[in-house]
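1. Just need the structure, nothing else, for what follows:
(2 chains)
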Protein chains: 2
Amino acid sequence: MLYPNGLKKNYNHTVHYGNRGMNLEEDINESNLFYRTHNIGIIHKKPVPLTIAKVEFPSRREAVVREAYFKTPSTTDYNGIYRGKYIDFDAKESKSKTAFPLKNIHPHQLKHLESILQHGGIAFLIVRFTTLDETYFLKADDLLSFIETTERKSIPITFFRQHAIPIPNKIHPRVDYLKIIDELYFKGGYRE
Amino acid sequence: MLYPNGLKKNYNHTVHYGNRGMNLEEDINESNLFYRTHNIGIIHKKPVPLTIAKVEFPSRREAVVREAYFKTPSTTDYNGIYRGKYIDFDAKESKSKTAFPLKNIHPHQLKHLESILQHGGIAFLIVRFTTLDETYFLKADDLLSFIETTERKSIPITFFRQHAIPIPNKIHPRVDYLKIIDELYFKGGYRE
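-> Reported below is the predicted structural model:
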């Protein structure tokens, strides 16, 4: 099993910071903390899925995992509740200036997003083109219909510019995606 | 950091099976798989939260976690969507015949359940008294009001028998908690 893209960032110090000084995952974590702290919405990142193979107990009250393997995630990374609605999304970065490669999304993640839509949830991707410093909110409906209607292996940036909603860089929260949800699903502001 | 109760079950073979041949976590995982397979609801268990300290790369395409520590969970273990509603719960086992010790629930898990209620989600605990082979659906509202109105360090079994809803053992799904949600929150059956 491959290790998830960008995971290295979490445990060493070779992170190459993007234009805004942070990567997308950190920006979203900060935004989720902002939302929770201000009681706007309760959205968390799920832990990285691991298969634990070996655990040691150096003392009676301590446990150290000594062998574990990364699993292919069966869902997206983020979910929670906002304005009574179930929210579900994944966040992806791409260095490309022209297109977002679809190999970044696992087939069961697509299936998962489709199921969430069927059950009445709000499902989407947040995609950042790091080189362009452009971040987009792409509804799962649009993602899925793109995939159904084309054989392409990537989504061109022009598709994002036409069909997705740009998320501007902000200070606090850094990636204010719930504001996009206000506009798309609630026809108006919750916070102004 | 202590390792979570019962985690050992996941990686060695010293499991002492209960009356029904499975533990509560396995029963709920089987039930969630049943719900997903039959497209009834999309509910997953979150991965165990770990802080990864060291990863080795035996080959270019392989990664092995060599050092990781269990983190105190900041949310509950299970969430998802059912009939358009956000669902959030934790599952706990107790060997006691008389009471469920509140030390089994972390303070931030209580806070989390409270937040979910505030935002319009369905929040609850599934508690199994393994020695008695009794499983209950306890609404988060009832859990929180119990804690607010008493100094007790445990919830007596009599409280469960009066205020919680028994979940009968079934074959498929083993713990049919969505049926309880039908009765409590939707005034009636979705499946019959």
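
2. how about the helices of chain A, start to end?
-> In order along the chain, chain A carries the following helices (DSSP state H): A:24-37, A:107-118, A:140-149, A:157-163, A:177-185.

3. Below-threshold pLDDT in chain A: ranges please.
-> Confidence mapping of chain A against pLDDT under 70 gives the ranges A:1-21, A:189-192.

4. Report the separation between the residue most central in space within it and A:Arg83.
-> Of all residues in chain A, the one closest to the mean position by Cα atoms, centre = their mean is A:Ala91, 2.1 Å from it. From A:Ala91 across to A:Arg83, the span is 20 Å (Cβ to Cβ, to the nearest Å). Where C-beta positions appear, they are placed from N, C-alpha and C, glycine not excepted.

5. Tell me, how many residues neighbour the closest residue to the residue nearest to the centre of chain A other than its chain neighbours?
-> Counting by Cβ to Cβ, 6 or more residues apart in numbering or on different chains, the nearest residue to A:Ala91 once its immediate chain neighbours are dropped is A:Ile126, at 4.5 Å. For A:Ile126, the count of nearby residues is 24 (other Cβ atoms under 10 Å in any protein chain shown).

6. For A:Ile126, list the residues it contacts.
-> For A:Ile126, the residues meeting the contact criterion (Cβ atoms under 8 Å, 6 or more residues apart in numbering or on different chains) are A:24, A:28, A:89-92, A:135-138, A:167, A:175, A:177.

7. what do you get for A:Lys71?
-> For A:Lys71, counting by Cβ under 8 Å, 6+ apart, the contacting residues are A:1, A:49-51, B:47.

8. rewinding a little: give me the subset of the contacts of A:Ile126 that lies in strands.
-> A:89-92, A:135-138 (DSSP state E).

9. correct me, but A:Leu113 touches A:Tyr78?
-> No - counting by Cβ atoms under 8 Å, A:Tyr78 is not a contact partner of A:Leu113; they are 11.8 Å apart.

10. beta partners for the closest residue to A:Asn104 other than its chain neighbours?
-> Nearest non-adjacent residue to A:Asn104, counting by Cβ to Cβ, 6+ apart: A:Lys92, 5.0 Å away. With DSSP bridges applied, the residues forming beta bridges to A:Lys92 are A:Val127.

11. B:Thr158 versus A:Lys92, what's the distance?
-> Taking Cβ to Cβ as the criterion, A:Lys92 is separated from B:Thr158 by 51 Å.

12. The two: which is more packed in?
-> It is A:Lys92, of A:Lys92 and B:Thr158, that has more neighbours when counted by other Cβ under 10 Å, with 18 against 10.
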